[in-house]
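>>> what's the 3D shape of this:
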Amino acid sequence: MSRVKASTMDADLQKVFGKPVPELYEAAVGHDASPALARALELRSFLALTEEQVARVRDRVRADMDPERDMGELSADKLRFDAQWLEAALDARDGYRAAIGELLRTMPPPDQRARPVRTTQLRATASLPPSAAPAPQCAGAAQARRR
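Okay, the predicted model is just below:
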């Protein structure tokens, strides 16, 4: 994916994980890398690619609308297509930014490792007196039929 291209979330990733993005990619391949780091970098790569697409469409529209350009070269169909492409790329960018933001807000602190939870199973040791025992299911059904 896109490790070289910058993304608009790089500063947030660096702030949360405490290292520049290139170092985070190196740390993510280690055996003790957190799943949150791997997921964040995967989303970051998608974001960087999407932001590159947004920039390409923006630059293409700017070039098409250059005042020095021949007006006969303008194409409404081409501009409509670019507008649709730009809208799709911006929606994707917003989605990736939101996903990264949510991940960074909800993940455990980087220094807190997931530890297995030790549970104990409780056993009931008290017995019920015979009069408190529930009646068999069929007893209630027989009384209901007689009425």
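
>>> roughly how far is stretch 39-52 from the heart of the chain?
Taking Cα atoms, centre = their mean, to the nearest Å, the mean C-alpha location of stretch 39-52 is offset from the chain mean by 11 Å.

>>> What residues sit buried inside it?
40-41, 43-51 (16 or more other Cβ atoms under 10 Å). Every residue, glycine included, has its C-beta placed from N, CA and C.

>>> what does that stretch contact?
1-3, 5-10, 13, 17, 21, 24-25, 28, 89, 92-93, 96-97, 99-100, 103-104, 107 (Cβ atoms under 8 Å, 6 or more residues apart in numbering).

>>> and the residue most central in space within the chain, what element?
Nearest to the geometric centre of the chain sits residue 99, at 3.7 Å (Cα atoms, centre = their mean). If you go by DSSP states H and E, residue 99 is part of helix 76-106.

>>> what mean pLDDT would you report for that helix?
Mean pLDDT, computed over helix 76-106, is 96.

>>> about what we covered before: could you flag which of the contacts of stretch 39-52 are buried?
When these are checked for burial by 16+ other Cβ under 10 Å, the buried set is 7, 9-10, 13, 17, 21, 24-25, 28, 89, 92-93, 96-97, 99-100, 103-104, 107.
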